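# just the structure for this:
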Amino acid sequence: MSTPAPAGVWIITPGHAPTRFPTAHASGADVALVDLEDSVPPAAKPDARHTARTFFTTLASNGTILGIRISSPTTRDGIDDLAALAD
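The predicted structure is shown next:
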């Protein structure tokens, strides 16, 4: 049995803006993503990778699905994104 993709309202929060994480969690959106790809300036990516992990330390109490948007895993940024999340 396959699981359908979530529909409805999505909120995407830049990974280098942790002050926005609580708002994303409480927004009532169906899906809340932290973005490590193109919303984060290259110079801010290392800190954003570390900070993005905190996005998942607090679960949304309203049933919002939490996710992350990474760079393509065929790029150095994508590999660094995955490595930071795995640590």
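# contacts and neighbour counts: CA atoms only from here.
Noted.
# any idea which element the closest residue to L85 other than its chain neighbours lies in?
Distances taken as C-alpha to C-alpha, 6 or more residues apart in numbering place R53 nearest to L85, at 6.5 Å, with adjacent residues excluded. Using DSSP states H and E, R53 maps to helix 45-55.
# tell me which residues of that helix come out buried.
K45, P46, A48, R49, H50, T51, A52, R53, F55 (16 or more other C-alpha atoms under 10 Å).
# can you tell me which of the residues you listed lies closest to A26?
For the buried residues of helix 45-55, the closest approach to A26 (C-alpha to C-alpha) belongs to F55, at 12.2 Å.
# state the pLDDT value of the closest residue to that closest one other than its chain neighbours.
Of all residues not flanking F55 in the chain, F21 sits nearest, at 6.2 Å (C-alpha to C-alpha, 6+ apart). At F21 the predicted local confidence, pLDDT, stands at 90.
# check for me that H25 belongs to a strand.
No: counting by DSSP: H, G, I helix; E, B strand; the rest coil, H25 falls outside a strand, being helix.
# neighbours around it, how many?
Residues near H25, counting by other C-alpha atoms under 10 Å, number 25.
# for the least confident helix or strand in the chain by mean pLDDT, buried residues please.
Across the helices and strands of the chain, mean confidence by mean pLDDT, DSSP states H and E is lowest for helix 21-26: a mean of 88. Buried residues in helix 21-26, counted by 16+ other C-alpha under 10 Å: F21, A24, H25.
# for these, which one is nearest L59?
Among those, and counting by C-alpha to C-alpha, the member closest to L59 is H25, at 7.4 Å.
# right, and that closest one touches T57 too?
No: contact criterion C-alpha atoms under 8 Å: H25 and T57 do not qualify, at 11.0 Å.
# tell me the contacts of the residue most central in space within the chain?
Geometric centre of the chain, nearest residue: V34, 2.0 Å, by C-alpha atoms, centre = their mean. Applying C-alpha atoms under 8 Å, 6 or more residues apart in numbering, we find V34 in contact with I12, T13, P14, G15, A52, F55, G67, I68, R69.
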